[in-house]
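Visitor: the sequence isn't on hand, but the structure is:
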């Protein structure tokens with residue numbers, strides 16, 4: 001298997017790259033700077049220099065060629081509207097088109113729980129971020145790709161726990177990024193999970209067992 005990670009230099013993308021490489025999976029990604037490229041090359045990860053927000057779909061497809069799966073972990077984290085639109089919205093749509101051009105059928109998107117921060121009085125930029133994320137989810141579900149959308153709860157930079165709660169609807173709590181990355185790695189190895197939206201929270205079930213429990217039995 002060869003997996004291309006969009007957002008490979010981000011927190012979840014980096015963790016996922018390391019986990020997949022440890023399993024003997026070939027990993028590649030898109031990075032913005034030569035420094036990022038050199039850092040990943042030192043860890044045995046092949047990268048392409050490029051800016052997701054300005055690349056065309058055919059250009060992005062070139063970077064995807066030869067991959068078996070795409071994992072989209074890139075995100076703006078609710079900053080400036082133009083960045084949110086370019087990365088969380090247009091970037092996803094572009095990646096879907098590029099995947100079709102490159103004939104890569106498996107597409108995993110890291111999204112966000114709809115309930116996130118509903119208890120807060122959010123600034124307009126954050127509300128815009130949630131709206132754009134929702135539209136991106138819709139675009140993915142309407143594509144003809146073999147997609148999976150993963151919606152984690154509040155992300156923490158804490159050590160992995162190794163247990164989660166995963167299903168079509170989960171409470172909004174918090175979860176370590178390392179556990180999100182491990183869940184993505186398990187989803188990539190479970191082709192029977194396809195065209196599903198899964199929500200992710202801390203829980204008591206081992207990650208591999210939680211993933212397998214979501215295999216469509218029909």
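Guide: Okay, I see it. Bear in mind the structure is a predicted one, so any value in this text is a computation, not a measurement.
Visitor: which parts of this structure are strands?
Guide: In the chain, the segments counted as strands under DSSP state E are 2-6, 26-31, 46-49, 69-72, 106-110, 146-152, 154-156, 163-167, 174-176, 196-202, 205-206.
Visitor: could you list every helix and strand in contact with the second one?
Guide: Right, the one you point to is strand 26-31. For strand 26-31, the elements it packs on are strand 2-6, helix 11-22, helix 34-42, strand 46-49, helix 57-64, judged by 3 or more C-beta pairs under 8 Å, 6 or more residues apart in numbering; DSSP states H and E. (Glycine included, C-beta is placed from N, CA and C.)
Visitor: highest average neighbour count across the ones you listed?
Guide: Among these, strand 2-6 has the highest mean neighbour count (mean count of other C-beta atoms under 10 Å), at a mean of 25.
Visitor: given that one, what are its sheet partners and their directions?
Guide: Here strand 2-6 is paired, per DSSP bridges, with strand 26-31 (parallel), strand 69-72 (parallel).
Visitor: mind putting those into CSV with mean pLDDT?
Guide: Listed next are these as CSV, based on pLDDT from 0 to 100:
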stretch, mean pLDDT
strand 26-31, 96
strand 69-72, 98
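Visitor: and residue 86, what does it touch?
Guide: For residue 86, the contacting residues are 52-53, 76, by C-beta atoms under 8 Å, 6 or more residues apart in numbering.
Visitor: swap in residue 128?
Guide: By C-beta under 8 Å, 6+ apart, residue 128 lies in contact with 78, 81, 84.
Visitor: the second one and residue 131: what is the separation?
Guide: Distance of residue 81 to residue 131, computed by C-beta to C-beta, to the nearest Å: 10 Å.
Visitor: one more: the last one?
Guide: Computed with C-beta to C-beta, the distance linking residue 84 and residue 131 is 9 Å.
Visitor: which of these two has more neighbours?
Guide: Between residue 84 and residue 131, counted using other C-beta atoms under 10 Å, residue 84 has the larger neighbour count: 24 against 13.
Visitor: number of nearby residues for the nearest residue to that one once chain neighbours are set aside?
Guide: Spatial nearest neighbour of residue 84, excluding adjacent residues (C-beta to C-beta, 6 or more residues apart in numbering): residue 76 at 4.4 Å. By the measure other C-beta under 10 Å, the count of residues near residue 76 is 21.
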